[in-house]
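Chemist: Pasting the sequence and the predicted coordinates here, then a few questions.
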Amino acid sequence: MNILKVLIRFQTGRRIKEGFSIGYNIIFPILLISILGVLTRNQFGDVITSYQYYTVVMIPFCACMALITAAYAGKEEAYAKTAVRIVMAPISERQIVLSKIFSCTIVFSICNCFTFVICGFIWQLPRGIEWILICLLLVAMSFLVAAIGVLLGTGMKNFLFIKNLINLPVGLCAVAAGVFFPLGTSNPVVQGVLNLSPLTHVNRYLFAMLFDHMKSGVCILILIHVVVGVFISIFAITTFKKEEFLHGDLPGYKE
Amino acid sequence: MLKEIKKEKECIMELQDMQKSYNKVEVLKEISFRVQTGDIIGLLGPNGAGKSTLTKVIAGIEKADNGVVLFHGENIQKNAINFKKRLGVVPQDIALYEDLSAYDNVKFFGSLYGYKGLELQNRIEEVLNFVGLWDRRKESPSKFSGGMKRRLNIACSVVHSPEILIMDEPTVGIDPQSRNHIMHLIRTLQERGTTVIYISHYIEEIEELCNRVIIMDYGKLLVDDEKDIIKKRYYDKGCENLESIFLTLTGTDLRDGVE
């Protein structure tokens, strides 16, 4: 337990220091919300402003983009060539994987919640919204994203392949969830396709809670994220491969 | 870290019939040898001899297909964590966080062995003094010369006072002064009771440092004996030094295609 704490503290420090999370989960969403908000400000009615819309949809999307940061966290020791020391230290594989998942969860959660609170404050989300519940959802999303990212990072050698593998489905899910432009359709087939994106459900339940005060959907989402996150964490531990953890493959990286 | 752990010579580690294959190519063929406390064993072999694989198997990075490694008579697989606590490995590559200070590097790797607080601080100070980097402790390895990085690499590997230390080419690419300093460090470690398995292509280092020599090629153990006994045995065959013995046993053909 003590070693796990040491590892989590160390990994958390590195996640903060490397700055990816601050860039992708704070600066990037705020910039996108500002730009898209300005560009589409005349296309929204009185119920919701463009800034409010993009605040709700952009932050969960950026939370998902942290998959790349989590995958990098899984590969970091391979690039620093310190993985060999970690593997030879009296640490279990479980501790290696969990330390990475927990440290990513902590940093992603802080960044996502901070961005949501700041954006919600600046662009005045409806009064009386359940900040805590939304932050819990962002924490649960961060946990799931961290688990998937670390699973990919510790299980695969080629980081660029992982990055490309992540970018495409996350991008498609974002489009289907109306992250870049609102989508509305009465066609059940198209709606069925849009529903395939997990982000569609996240956004739908967030809007339902923010504007219609329906909390149950968000509560179910939190539960689903945590349960799936736990299963993926277990999967990441059981499929951990020393060989993949030890070696990385980046441009400029030499074995 | 530098406390004396000298003991009467006893078998600290034993390898029995180690076998390992990659894609049906046998890289370790029934390797067996014993390591005694206080030994400095020189492990020699051309590229592709199986030295790195053997190191990985001992360190638990890879699993052997057959055979066992006994540490104090106990199979290391049965209590891997306990074995890892008492094993130190100096990797061939510099295994340091370039963005952390020398102090923080040693601190992190020391903390992985369960040390904390004052005990950890004392160990860091001792080990950094030992490798001559205490005055540069606040600097990051990115500002260090090759020799300093190598010394810090050693410091991170001995902060937990390992009983047995595997050093994989710890003097590659450094100047003679740094090499001389590292040789001195290894001798000091040995005098204080650490058993060392020293892997190098620099045969003169093995000749200078080691009391026992193991020569491997194509996954097979060719020679395993006291250095002086080996030299005496091959002297009559016209081999005046370890290098000529090595070339006699492994041949003079280039091993360009082998890693």
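Modeler: Structure received.
Chemist: CA only for contacts and neighbour counts going forward, please
Modeler: Noted.
Chemist: got the residues of the stretch 51-200 of chain B near chain A?
Modeler: In this structure, the stretch 51-200 of chain B approaches chain A at residues B:59-61, B:80-82, B:84-85, B:89, B:91, B:93-98, B:108-109, B:111-114, judged by CA under 8 Å from any CA of the partner chain.
Chemist: which parts of the helix-or-strand element of chain A with minimal mean pLDDT are buried?
Modeler: Taking mean pLDDT, DSSP states H and E as the measure, helix A:188-194 is the helix or strand of chain A with the lowest mean score, a mean of 77. Neighbour-count burial for helix A:188-194, counted by 16 or more other CA atoms under 10 Å in any protein chain shown, picks out residue A:194.
Chemist: For it, name the packing helices and strands.
Modeler: If contacts are counted by 3 or more CA pairs under 8 Å, 6 or more residues apart in numbering or on different chains; DSSP states H and E, helix A:188-194 sits against no helix or strand.
Chemist: who's in contact with the next helix or strand after that helix?
Modeler: Next helix or strand after helix A:188-194 toward the C-terminus (DSSP states H and E): helix A:198-212. Contacts to helix A:198-212, defined as CA atoms under 8 Å, 6 or more residues apart in numbering or on different chains, come from residues A:56-57, A:60-61, A:125-126, A:129-130, A:134, A:173-174, A:176-178, A:194-195, A:214-215, A:217-218, A:221.
Chemist: cool, and stretch B:175-183?
Modeler: Counting contacts by CA under 8 Å, 6+ apart, the residues touching stretch B:175-183 from outside are B:147, B:148, B:151, B:171, B:209.
Chemist: repeat that for 7 Å
Modeler: Stretch B:175-183 has contacts (CA atoms under 7 Å, 6 or more residues apart in numbering or on different chains) with B:147, B:151, B:171.
Chemist: same question, stretch B:11-25
Modeler: The set of residues that contact stretch B:11-25 without belonging to it, under CA under 7 Å, 6+ apart, is B:26-37, B:64-72.
Chemist: which of the residues of the stretch 51-200 of chain B next to chain A count as buried?
Modeler: Judged by neighbour count, with 16+ other CA under 10 Å as the criterion, the buried members of these are B:59-61, B:80-81, B:84-85, B:89, B:91, B:93-98, B:108-109, B:111-113.
Chemist: out of the contacts of stretch B:11-25, which are buried?
Modeler: For those, burial is judged from neighbour counts taken by 16+ other CA under 10 Å, and it is met by B:27-33, B:35-37, B:64, B:67-71.
Chemist: ok, of those residues, which one's closest to residue B:103?
Modeler: residue B:37 (30.0 Å; CA to CA).
Chemist: Over to the closest one: give its phi and psi.
Modeler: Backbone geometry at residue B:37, expressed as degrees, to the nearest 10, gives phi -60, psi 140.
Chemist: per-residue pLDDT, residue 170?
Modeler: All of this refers to chain A. Looking at residue A:170, its pLDDT is 88.
Chemist: My question was about chain B, not that one.
Modeler: Per-residue confidence (pLDDT) for residue B:170: 89.
Chemist: shaky segments in the stretch 101-250 of chain B?
Modeler: By pLDDT under 70, the stretch 101-250 of chain B contains no weakly predicted segment.
Chemist: Now do the helices for it: every range, in order, please.
Modeler: Under the criterion DSSP state H, counting those that start in this stretch, the stretch 101-250 of chain B contains helices at B:102-111, B:117-130, B:146-158, B:176-191, B:203-209, B:227-235, B:242-250.
Chemist: Most tightly packed of those?
Modeler: Per residue and on average, the most neighbours among those fall to helix B:146-158, with a mean of 25 (mean count of other CA atoms under 10 Å in any protein chain shown).
Chemist: That one vs helix B:117-130, what angle?
Modeler: Between the axes of helix B:146-158 and helix B:117-130, defined by axes from the mean of the first three to the mean of the last three CA atoms, to 10 degrees, the angle is 140 degrees.
Chemist: ok so, going back, okay, and which of the contacts of stretch B:11-25 map to strands?
Modeler: B:26-36, B:66-71 (DSSP state E).
Chemist: Quick check: phi and psi on the residue lying closest to residue B:96 once chain neighbours are set aside?
Modeler: Ranked by CA to CA, 6 or more residues apart in numbering or on different chains and with sequence neighbours excluded, the top spatial neighbour of residue B:96 is residue A:82, at 5.8 Å. Residue A:82 adopts backbone torsions of phi -90, psi 0, taken as degrees, to the nearest 10.
Chemist: Residue B:17 now?
Modeler: Main-chain dihedrals, residue B:17, degrees, to the nearest 10: phi 50, psi 50.
Chemist: So which residues on chain A come close to chain B?
Modeler: A:3, A:80, A:81, A:82, A:87, A:88, A:89, A:90 (CA under 7 Å from any CA of the partner chain).
Chemist: Helices - which of the residues you listed land there?
Modeler: Among those, the subset assigned to helices under DSSP state H consists of A:3, A:80, A:87, A:88.
Chemist: roughly how far apart are the first one and residue B:114?
Modeler: What that stands for is residue A:3. Noted for residue A:3: a distance of 7 Å to residue B:114, by CA to CA, to the nearest Å.
Chemist: follow-up on the earlier one: most neighbours out of the residues of chain A next to chain B, which is it?
Modeler: Ranked by neighbour count under the definition other CA atoms under 10 Å in any protein chain shown, the residues of chain A next to chain B are headed by residue A:89 with 24 neighbours.
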